[in-house]
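Participant: one predicted model, sequence on top.
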Amino acid sequence: MTSNSLKKKSFVQKLVAITRMQLFIPVAALLVLVVFNLIADPSFFAIKLGQNSAGQPVFSGYLITILDYGSELAILAIGMTLVTSASGGQDISVGAAIAIAGSVILKVLCGNESRPDHMKAPIIVAFLVACVVAMIFGAFNGALVAFFKIQPMVATLILFTAGRSIAAWINNNELPIISDESFSYFGTFIPGCPIPTPVFIAAACMVVIFLVLKFTNLGLYSQSVGINPSSSRLNGINPAVVKLITYVILGLCVAVVGLIKVSRISTINYSVVAKDIEMDAILAVALGGNALSGGKFSMPASIMGAYIIQFLTTTLYKFNVNSSALPAYKAVVVIILVVLSAPVVREKFNQLKKSRTSGKTVKEAA
Amino acid sequence: MENGELLQMRGICKYFPGVNALQDVDFTLRSGEIHALMGENGAGKSTLIKVLTGVYVKDGGKILIRKEGSNEDLFEEAHIRSPQDAQNSGISTVYQEIALCPNLSVAENMFIGRSGAVTNWTEMNARTEDILNKLCIPAEAKQQLGSCSIAVQQMVAIARAVDMKCRVLILDEPTSSLDEQEVERLFVLMRDLKKQGVGIIFVTHFLDQVYEVCDRITVLRDGTLVGEYVIEDLPRVQLVSKMLGKDLDDVADIKSESDVKPVNKNTTPVLEARKLVSNAGIKPFDFDIYKGEVNGFTGLLGSGRSECVRAIFGADKVLGGTVKVNGVKVKIRKPIDAMKHGIGYLPEDRKLDGIVADLSVRDNIILALQVMKGFFRPFSKSKAEEMAQKYIALLDIKTASSDTPIGQLSGGNQQKVILARWLLTNPDFLILDEPTRGIDIGTKIEIQKLALKLASEGKSVTFISSEIDEMLRTCSRLIVMRDRKVVGELTGDDLTRNKVMSTIAGGEEV
């Protein structure tokens, strides 16, 4: 019965259904940006195959930049989406935590020297240590939220404040530089491959989270806990543990981005690295149409949101917006996008369309 | 008392995606009458009320209101597009959940948001005293609203509506959280307003109350009008059959028709609790339930019925006592422990503890079984869909699809989804805490029958309900609670309304 009525949906109803889909807002936002750039300067979309300083073939162009830097955001958006869903709040300490993770990697690779001739440990070991450290900090945030019931933004404010000094302290406030070229592969290019490596790392993360969501109940549990913790508990879920897990997963995402960040420049700048990246990551979640108050989420929408934020940033750079004025421009665009995707506005849209379509049917009936 | 028509709703239509919530519904309210709006869940009562109060905008039809001050039947069309419009047209609503501010005084609540109504505190308090006296509401103007009983708070809400010159007063399930005395007091107020010529629309699930105060009944079914009746012309049985759309053979005696076997008390109980006590403030209690038995906790609201079953399920923190399942001592510290021992618990507060509103009907159905199966072993989508469809059909859950968020379903259907959730786990012992609160009579009987059916299949059920008749119909043993402790147990011939009431009330009654 229900399948019949579904099939009978008119074209208009289908259109309404599309606008109701969560991916509608991010896709529409992307289209607007693409059209704007097409009109303003189609060369924005040009991709050139050139050579980098090492003589390796690499792609270059604005689109490549977007994919490259958007990948960092996309990885963070994965963790931020889960945290938002389960705890109904956001982690604002990811930028500081990235500094810590990056600092840990350099510490393991350089030991106590600031310019070692060769790396003291395999990169994989350094990365794994960074993962553990970042997950511990994630668990610290998560424990404050889950067990002490502190508001997420307040709980993570602690690490937000302290994180960068912890990062500097790990390396005695020195800026170790790694001369080994293989270390730079993660943030730049693998020789012979013209596509930036972060794109592959982000793709790997997406595959992993897709598999995790498919083969575990992480999605069901975190949404359930975010929507109704009391009911979740009575159904045998431990809401505190679920929240904690999401923060630990975000910690893992932070470690991955930390590796990319330090690899890009083979060193670290504690006060600048990943600055304000938490706000972009949160915006990515919001742009994806996910409620920042938690509950239901769409992972593809968040990931898409991340790339759109980067698209916007790059567009603004392209049009020579002064880097100090950049956040203001970005804010205007973001306000428009977020207001458009707010449930209140969407509900109004739906009502408008509904009253039109149902008005028609009434007339037809009469 | 004049009895002219006050409000006419003609040919009201309202569509939701995939559903015609209201189809060509007429409704007429006369001044000075109490008019019951009856129907099962999903019949369109709430939708009609929401159209009238401007929460929804109607898709077709007219709302006509008699011109104020005219003796003739002069009607003008009211264009109600928001709750504010409704209020301006003299239509006020008092909801089940009181929409006042408990931390303000009664007088402040009476005049909040009504700029220009009063000019200073003295006048405000004086006028409030006046209104309270006129309507015989036992409250003081300067008293904090939160310190009044729920019933009095409700009366204040009504008084506020009346003072705002409302001519149509809508009472949406006003009695569900009141005890009998409070209900009686509310009825006195309603009759008083009726004398003053206010037209009252009364929405309730309690048949007794309809026959006590109402003059007329309008029955809706599946979004269409069944008819309008004068109360004397419509006996209860007929009302119920009109609501259900079928003849009701028996509402009273469902126990005799089901084949519940007498319980063999010589066997090991399915669950045996001794001196169980939780942090919810109940006295330690003993509890047994046998295979194939339906028993129940009864007592007044707040007597500790729910707290007892919550302790058994591990929903509250258990502080002491022992629990044996099938004779084996077990530790139940949290809900998952109880679930693993084959216990299911349908909680008292459906909204707060039962549904996960934004999740689909399917996810809500599979939730408990999925959690029991384990974090790393999710059901495939097709398997989940298959289980959901099975129970949607089995319990006749009315939903557009299994993808619909459960929050969009009517109360009775939400409750069926929660029931489906626990039936799916195939529990040996199912606790139903107020499973029939706020849902329509058809579903009520279905749930009662279901409890008995489960028992006849060899399961055990503990049933809690505020309605004693319902308990008597389903349970073969009643545990009576008063002031947070077990005060008696009734079986066999003792299971009569009077005996239960007197046990609840206790011997030392004045």
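Facilitator: Yes, it's here. Numbers count the residues shown, from 1 in each chain, chains lettered A, B, ... in the order given.
Participant: tell me where the model's unsure across the chain.
Facilitator: I'll assume chain A. Scanning chain A for pLDDT under 70 picks out the ranges A:1-20, A:337-338, A:341-343, A:346, A:350, A:353-366.
Participant: that's the other chain; I wanted chain B
Facilitator: In chain B (pLDDT under 70), the answer is B:1-3, B:18, B:41, B:69-73, B:96-98, B:115-117, B:177, B:244-264, B:301-302, B:506-510.
Participant: need the residue closest to the centroid of it.
Facilitator: residue B:438 (1.8 Å; Cα atoms, centre = their mean).
Participant: in stretch A:286-301, what counts as buried?
Facilitator: Neighbour-count burial for stretch A:286-301 flags A:286-291, A:294-299, A:301 (criterion: 16 or more other Cβ atoms under 10 Å in any protein chain shown). C-beta here means a position set from N, CA and C on the backbone, and glycine is covered the same way.
Participant: which of those residues fall within helices?
Facilitator: Counting by DSSP state H, those place A:286, A:287, A:299, A:301 in helices.
Participant: residue of chain B nearest chain A, please.
Facilitator: residue B:336 (3.6 Å; Cβ to the nearest Cβ).
Participant: that residue reaches residue B:373, doesn't it?
Facilitator: No. Taking contacts as Cβ atoms under 8 Å, residue B:336 lies outside contact range of residue B:373: 11.7 Å.
Participant: who's more crowded, those two?
Facilitator: residue B:336 (19 against 14; other Cβ atoms under 10 Å in any protein chain shown).
Participant: from residue A:173, how far out is that one?
Facilitator: Counting by Cβ to Cβ, to the nearest Å, the gap from residue B:336 to residue A:173 is 48 Å.
Participant: ok, and does the strand or helix carrying residue B:14 reach over to chain A?
Facilitator: Assessed by DSSP states H and E, residue B:14 sits inside strand B:5-16. Yes. Using Cβ under 8 Å from any Cβ of the partner chain, strand B:5-16 reaches chain A at B:13, B:15.
Participant: what's in contact with the helix or strand following that strand?
Facilitator: Scanning forward in sequence from strand B:5-16 by DSSP H and E, the next helix or strand is strand B:19-30. Outside of strand B:19-30, the residues within contact range by Cβ atoms under 8 Å, 6 or more residues apart in numbering or on different chains are B:3-15, B:35, B:37, B:44, B:47-48, B:51, B:58, B:60-61, B:168, B:199, B:201, B:216, B:218, B:220, B:223-225, B:228, B:400.
Participant: same deal with stretch A:77-85?
Facilitator: Residues outside stretch A:77-85 that contact it (Cβ under 8 Å, 6+ apart): A:89-91, A:94, A:152, A:205-206, A:209, A:218, A:222-223, A:226, A:246-247, A:249-254, A:281-282, A:284-285, A:288, A:290-292, A:294-297, A:299, A:302-303, A:305-306.
Participant: check stretch A:190-203 too.
Facilitator: A:49, A:54, A:56-59, A:64, A:67-72, A:74-75, A:185-189, A:256, A:260.
Participant: which among those end up buried?
Facilitator: A:58-59, A:64, A:67-72, A:74-75, A:186-189, A:256, A:260.
Participant: helices - which of those residues land there?
Facilitator: Short answer: the buried ones among the contacts of stretch A:190-203 in helices (DSSP H) are A:64, A:67, A:68, A:69, A:70, A:71, A:72, A:74, A:75, A:256, A:260.
Participant: for the stretch 51-200 of chain B, what lies in contact range of chain A?
Facilitator: Residues of the stretch 51-200 of chain B lying near chain A (Cβ under 8 Å from any Cβ): B:57, B:59, B:60.
Participant: give me the nearest residue to the first one, chain neighbours excluded.
Facilitator: Leaving out its chain neighbours, the residue that sits closest to residue B:57 by Cβ to Cβ, 6 or more residues apart in numbering or on different chains is residue B:81, at 5.6 Å.
Participant: which element, helix or strand, includes the spatially most central residue of chain A?
Facilitator: In chain A, the residue lying closest to the centroid (Cα atoms, centre = their mean) is residue A:77, at 2.2 Å. Assessed by DSSP H and E, residue A:77 sits inside helix A:62-87.
Participant: quick check: what element follows that helix along the chain?
Facilitator: Remark: after helix A:62-87, the chain's next helix or strand is helix A:94-110, criterion DSSP H and E.
Participant: could you give the angle of that following helix to helix A:62-87?
Facilitator: 110 degrees (axes from the mean of the first three to the mean of the last three Cα atoms, to 10 degrees).
Participant: what angle separates the very next helix or strand once past helix A:94-110 from helix A:94-110?
Facilitator: For helix A:94-110, the following helix or strand on the C-terminal side (DSSP H and E) is helix A:123-146. Counting by the same axes, to 10 degrees, helix A:123-146 lies at 150 degrees to helix A:94-110.
Participant: and helix A:123-146, anywhere near chain B?
Facilitator: No. Helix A:123-146 lies apart from chain B when judged by Cβ under 8 Å from any Cβ; the minimum separation is 15.2 Å.
Participant: and that helix, which residues are buried?
Facilitator: A:123, A:126-127, A:129-131, A:133-135, A:137-146.
Participant: cool, and stretch A:312-322?
Facilitator: Buried residues in stretch A:312-322, counted by 16+ other Cβ under 10 Å: A:312, A:313, A:314, A:315, A:316, A:321.
Participant: what's the spacing between the helix or strand the fifth one falls within and its chain's center?
Facilitator: Okay, so that is residue A:316. Using DSSP H and E, residue A:316 sits in helix A:299-318. Distance of helix A:299-318 from its chain centroid, counting by Cα atoms, centre = their mean, to the nearest Å, is 10 Å.
Participant: ok so, going back, which among the buried residues of stretch A:286-301 gets closest to residue A:106?
Facilitator: residue A:299 (31.2 Å; Cβ to Cβ).
Participant: I'd guessed the closest one sits against residue A:209; true?
Facilitator: Yes. Residue A:299 lies in contact with residue A:209 (Cβ under 8 Å); the separation is 6.3 Å.
Participant: ok, how many other residues are close to residue 205?
Facilitator: Looking at chain A here, since you left the chain open. By other Cβ under 10 Å, 21 other residues sit near residue A:205.
Participant: try again with chain B
Facilitator: 21.
Participant: list the contacts for it?
Facilitator: B:173, B:176, B:438, B:439, B:440, B:441.
Participant: one more: residue A:136?
Facilitator: So residue A:136 contacts residue A:251 (Cβ under 8 Å, 6+ apart).
Participant: how close does it get to chain B?
Facilitator: As judged by Cβ to the nearest Cβ, to the nearest Å, residue A:136 and chain B stand 22 Å apart.
Participant: if I look at that residue, how far off is residue A:130?
Facilitator: Distance from residue A:136 to residue A:130, by Cβ to Cβ: 11 Å.
Participant: and if you look at residue B:268?
Facilitator: 57 Å.
Participant: wait, doesn't residue B:76 sit right on residue B:62?
Facilitator: No. Between residue B:76 and residue B:62 there is no contact under Cβ under 8 Å: 10.5 Å.
Participant: show me chain B divided up by domain.
Facilitator: B:5-244, B:250-342+B:428-510, B:353-426 (automatic domain parsing).
Participant: can you classify residue B:329 as helix, strand or coil?
Facilitator: strand (DSSP: H, G, I helix; E, B strand; the rest coil).
Participant: pretty sure it sits against residue B:274.
Facilitator: No. Applying Cβ under 8 Å, one finds residue B:329 not in contact with residue B:274, separated by 10.1 Å.
Participant: tell me which of the two has more neighbours.
Facilitator: Neighbour tally, residue B:329 and residue B:274, criterion other Cβ under 10 Å: the higher count belongs to residue B:274, 14 against 9.
Participant: can the helix or strand harbouring the more buried one be found next to chain A?
Facilitator: Here residue B:274, judged by DSSP H and E, is contained in strand B:271-278. No. Strand B:271-278 lies out of reach of chain A by Cβ under 8 Å from any Cβ, never closer than 14.3 Å.
Participant: residues contacting that strand, please?
Facilitator: By Cβ under 8 Å, 6+ apart, strand B:271-278 touches B:283-289, B:307-308, B:310-312, B:316-325, B:327, B:343, B:429, B:460.
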